[in-house]
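Visitor: my questions are about this predicted structure, shown below with the sequence.
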Amino acid sequence: MNNMSSTPIAPPVKHRSPIAGPPWFRLVLITTSVLFIGMLIGLPVAAVFTEALRKGFDAYADSLQGEYAVAAIELTLIVAAIAVPFNLVFGIAASWAITKFEFAGKQLLITLIDLPFSVSPVISGLIYVLLFGANSALGEWLMAHDVQIVFAVPGLVIATIFVTFPFVARELIPLMQEQGTEEEEAAILLGATGWQLFFRVTLPNIKWALLYGVLLCNARAMGEFGAVSVVSGHIKGETNTIPLHVEILYNEYNFVAAFAVASILTLLALLTLLLKTLLESKFSSPTRKH
Amino acid sequence: MRKFREPSVLPGFGITLGITLSYLSLIVLLPLSGLFVSTAGVSFAEFWATVTSPRVMSAYRISFGASFIAAFINVFFGLIVTWVLVRYKFPGKRIMDAMVDLPFALPTAVAGIALTALYAPQGWVGRYFEPLGIKIAFTPIGITIALIFIGLPFVVRTVQPVLEDMNREYEEAAVSLGATRWQTFCRVILPELTPALMTGFAMALARALGEYGSVIFIAGNMPGVSEIIPLIIITKLEQYDYTGATSIAVVMLLASFLMLFAINLLQSWSRRRRDE
Amino acid sequence: MGIQVNDISKRFNNDFVALHNVSLDIKSGELIALLGPSGSGKTTLLRIIAGLEFADSGTVILDGQELRTKNAKERNVGFVFQHYALFKHMTVFQNVAFGLSVRPKAQRPSDQEIRRKVMDLLELIHLEAYHDRYPSQLSGGQRQRVALARALAVEPKVLLLDEPFGALDAKVRKELRRWMRRLHDDIHITSIFVTHDQEEAMEVADRVVVMSNGCIEQVGTPEQVYHHPVNGFVYDFLGNYNEFDGWKDKDGAVHLAETEIVEIPEETIVQASTQTGWLGRYPEISHVVNKVVPGLLPEKIAPVIVKKKKTIRRPPDATAVKLFTRPHEIFVSKVLDGDEYVTARVTHINPASALVKLELERPGGAILQAEIPKTVVDELNIKRGDMLYIRPKATRVFE
């Protein structure tokens, strides 16, 4: 037998890392955070579903199948289907120009791309009403040629493009800046054409960030309220997107229906976040973990 | 003279910058400048009378007041939440981390009606405050809560990377020199985080000033009591008072530009700090 | 103030053993280097002494006091971090003053006192003119000195330095370590520094502690560990070496196992020179003993008598051993002048230092490194492609 009993074991003194707080302090901070996030963010989400199902599942399903609800969902999908690809092309072009080249005025360009984020959604709508509305020169000309932009689908699309303008570029620029231009330069020296370069070298490096940008862009496009509200004209079945439909139902005191329609948007948001979390674990290589 | 651009072997500069600039001009710059052009016809006296009318003035007070308070609360709680997310391990941390982004992803109208349902006098939370004589929904308190909701992610997501990157050696150095944990926090950690906290504050504030969807349901929109600036713009538009709407919008837009400028300064300060 | 480290063990995440029953006795005023490869546990040991990390078992005794229950703040040790960890938002002055200014009111020196003390320290590190600069405005070497001054400001009982020169470039590194040696000679504070650079440890420390895999391999003066390494690890870690197959005879003497023999016709005449020995024109037969014919001028052709070598062959029952030798302990020759040798061809010559570095390839493909004085290389006229005889002047065997 080995002599297993010989080494005296020092009495276990529980040591913390010198910079970690005492346990009670951690507990207080964690509890505060959990309560704060739970109250501020968790409760509203729970409220949406509870209110939506207040009168049972049938009432919930009925609300979603209403004529105007279906029309609103269709319209929202159309708007997003135009706005998102538009901003995808813009986002890729802008981040390519900004991150792969050095030119004068670059910082200003980045700031201008971010501009729509700082503009109130109400003002984002207002500028198009002023530009295309009946009392502007362009508006009169459009009217004479029987083209309706404001209070019609094109207006909704343009306003949505405005508010979602920076999303894709914003995700791509920091990543592409970090990646630098070495790989692209190597590809050029190996004889790749511009498109080969993009599809075979750059795109594989940025695909997850790109997907994430598109997801966020899409979530905002489908959920935009303020800007769309200004340019919509609120014509039921014609220019009401899902968020606008929620407002109308709510103002008509049709709470169950309002929350039922809102629950679709909430699910969309939760799905976006889920995908985001999954994408992030793909993004972060083990070396970046700290 | 400085060259416009450095030479590069990579292709696509012309086309990508062309697309960028034309999109940017057509979608953003042109319509925005249209706003200023349309106020050109208004005399300054008329403009001034509109933007300083009593109802608008009280709306400024409410919008700016609620936004400032909300941004302050967000900095305080945002720092705690970020600290917990970065430094501690606990069950459910991933979920909490994801939930912080929900205000980004959740449509504002949905947030608006959900918050109203909670804080209305008969709501889940509101009913506990009603007997105490505290009204939350349809008062500036409600507006502030909605603005805290939408502003939180700005603070957390700005401070988080800075705290993650912060070298533990700073704290260890402070402790080995005899500083208490509180001294370490106040004199070493907090100064490091200040630029990021200020950036987060400014971003939350800028967003709150322009916020519409999440606020209008819970605000109750009583003129002089709980009416915010964006709502005044909409009301004027609905009354076909385009001049009035535009004038106030110009004031708001200038405020946004100012905020954007401040945020940019703060961010470059923050970046310099981190690069050193 | 001496430090006794007794039986320290530390595991991370319950499986990776960082330290295994480490004991160490450091005398007051000593300058000690903890030397080892990354993962050897040297930094962990330093952090345990500092109170930044805690041992699973064992004790650290500083100046007769057990430290287990004291946290980093109460230990009064100065710690210098590898990347300086200077506070970026504070000036040089504020950084150095930090430790004094965070003391409780009752123990805090007056502002003038702090000022005097900090300026004294800045004078010591020759940076008094930089007191109001920020760390970002200093060079790497200056930052490291500020970090040192900051640690010294609290008058620590011991000074601990984690890879203090690790982030500096080669020249500054050398300057700074000489400076640190002198500083230590002046102030005599018990100091421990961690390094993975054997040259640094040898040059600066009074004693070197060589560590690997969480254990101490050897403790000794630089001279002791370099010239009398206790095992293969220490020998390996302290410098480059060559390895030979060998064997041990019954008296305990070691021999090279690979002495090769080439048969050469006895009448062969080769070129010889009185000055240089073999000119090496016939390297393939050059293991002929040179016999200098008196009176002949250099470069004249002389007949040389070829003699067959006596070779000590390995007895079948002898123990096979590995023989180790440092590059500078290799003797090269173009002629055979001893019993035990191996042959190797010169594949690379690096003459850019006092000792010319030769890379040699043995017939089986094994690579040898040799460091030969430039004079010898010139004298033997060694060129790439030459075949040389290699004999280790000194060998070590680790069992």
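Guide: All right, it came through fine. Numbering: from 1, shown residues only, chains lettered A, B, ... in the order given.

Visitor: who touches the residue of the stretch 151-300 of chain C found nearest chain B in this structure?
Guide: Proximity of the stretch 151-300 of chain C to chain B (C-beta to the nearest C-beta) peaks at residue C:154, 5.7 Å away. Heads up, the C-betas are built off the backbone N, CA and C, glycines and all. Neighbouring residues of residue C:154 by C-beta atoms under 8 Å, 6 or more residues apart in numbering or on different chains: B:177, B:178, C:76, C:78, C:99, C:100.

Visitor: give me the local confidence score for the residue most central in space within chain A.
Guide: The centroid of chain A falls nearest to residue A:216 when counting by C-alpha atoms, centre = their mean (2.3 Å). Note on residue A:216: pLDDT of 90.

Visitor: show the pLDDT at residue C:296.
Guide: 38.

Visitor: let me fix that: residue B:266
Guide: Looking at residue B:266, its pLDDT stands at 86.

Visitor: phi and psi next, for it.
Guide: Main-chain dihedrals, residue B:266, degrees, to the nearest 10: phi -60, psi -40.

Visitor: tell me which element the residue nearest to it when sequence neighbours are not counted is part of?
Guide: Closest residue to residue B:266 apart from its sequence neighbours, by C-beta to C-beta, 6 or more residues apart in numbering or on different chains: residue B:199 at 4.3 Å. Assigned by DSSP states H and E, residue B:199 falls within helix B:190-210.

Visitor: what are the C-alpha coordinates of that helix, in PDB please?
Guide: What follows is helix B:190-210 as a C-alpha-only set of coordinates in PDB (Å, rounded to 0.1, in the frame of the first residue of the first chain):
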ATOM      1  CA  LEU B 190     -14.500  54.200 -13.700                       C
ATOM      2  CA  PRO B 191     -12.100  56.700 -15.500                       C
ATOM      3  CA  GLU B 192     -11.300  53.900 -18.000                       C
ATOM      4  CA  LEU B 193     -15.000  53.500 -18.700                       C
ATOM      5  CA  THR B 194     -16.000  57.100 -18.700                       C
ATOM      6  CA  PRO B 195     -15.700  57.800 -22.400                       C
ATOM      7  CA  ALA B 196     -17.800  54.700 -23.200                       C
ATOM      8  CA  LEU B 197     -20.300  55.600 -20.600                       C
ATOM      9  CA  MET B 198     -20.600  59.100 -21.900                       C
ATOM     10  CA  THR B 199     -21.000  57.800 -25.500                       C
ATOM     11  CA  GLY B 200     -23.700  55.400 -24.300                       C
ATOM     12  CA  PHE B 201     -25.400  58.200 -22.500                       C
ATOM     13  CA  ALA B 202     -25.400  60.500 -25.600                       C
ATOM     14  CA  MET B 203     -26.600  57.700 -27.800                       C
ATOM     15  CA  ALA B 204     -29.500  56.800 -25.400                       C
ATOM     16  CA  LEU B 205     -30.300  60.500 -25.100                       C
ATOM     17  CA  ALA B 206     -30.300  61.100 -28.900                       C
ATOM     18  CA  ARG B 207     -32.600  58.100 -29.500                       C
ATOM     19  CA  ALA B 208     -34.900  59.100 -26.700                       C
ATOM     20  CA  LEU B 209     -35.400  62.600 -28.000                       C
ATOM     21  CA  GLY B 210     -36.700  61.400 -31.300                       C
END
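
Visitor: may I have stretch C:106-125 exported as CSV, CA atoms only?
Guide: Written as CSV, here are the backbone C-alpha positions of stretch C:106-125 (Å, rounded to 0.1, in the frame of the first residue of the first chain):
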residue,chain,number,x,y,z
ALA,C,106,-4.5,58.4,9.1
GLN,C,107,-1.6,56.7,7.4
ARG,C,108,-1.5,58.9,4.3
PRO,C,109,1.5,61.1,4.0
SER,C,110,0.9,64.8,3.5
ASP,C,111,0.7,66.1,-0.1
GLN,C,112,4.2,67.6,0.3
GLU,C,113,5.5,64.4,1.6
ILE,C,114,4.0,62.5,-1.3
ARG,C,115,5.3,65.0,-3.8
ARG,C,116,8.8,64.8,-2.3
LYS,C,117,8.8,61.0,-2.3
VAL,C,118,7.5,60.7,-5.8
MET,C,119,10.0,63.2,-7.2
ASP,C,120,12.8,61.3,-5.5
LEU,C,121,11.7,58.1,-7.1
LEU,C,122,11.4,59.8,-10.5
GLU,C,123,14.9,61.0,-10.0
LEU,C,124,16.0,57.5,-9.3
ILE,C,125,14.5,56.3,-12.6
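
Visitor: quick revisit: what sits against the residue nearest to the residue of the stretch 151-300 of chain C closest to chain B when sequence neighbours are not counted?
Guide: Among residues not flanking residue C:154 along the chain, residue C:99 sits closest, at 3.8 Å (C-beta to C-beta, 6+ apart). For residue C:99, the contacting residues are B:177, B:178, B:179, C:150, C:151, C:153, C:154, by C-beta under 8 Å, 6+ apart.

Visitor: and what of residue C:60?
Guide: C:3, C:4, C:5, C:6, C:8, C:48, C:49, C:66, C:67, C:68.

Visitor: wait, the last one touches residue C:61, no?
Guide: What it means is residue C:68. No: contact status for residue C:68 versus residue C:61: not in contact, 9.4 Å apart, counting by C-beta atoms under 8 Å.

Visitor: what's the pLDDT at the residue nearest the centre of chain B?
Guide: Centroid check for chain B by C-alpha atoms, centre = their mean gives residue B:204 as the closest residue, at 2.4 Å. Predicted confidence (pLDDT) for residue B:204: 94.

Visitor: is the closest residue to it other than its chain neighbours part of a helix or strand, or is it coil?
Guide: Of all residues not flanking residue B:204 in the chain, residue B:151 sits nearest, at 3.3 Å (C-beta to C-beta, 6+ apart). Three-state assignment for residue B:151 (DSSP: H, G, I helix; E, B strand; the rest coil): helix.

Visitor: give me the low-pLDDT residue ranges for chain C?
Guide: C:14-15, C:257-315, C:336-340, C:399 (pLDDT under 70).

Visitor: that older thread, right, and the helix or strand after the helix holding residue B:199?
Guide: helix B:213-219.
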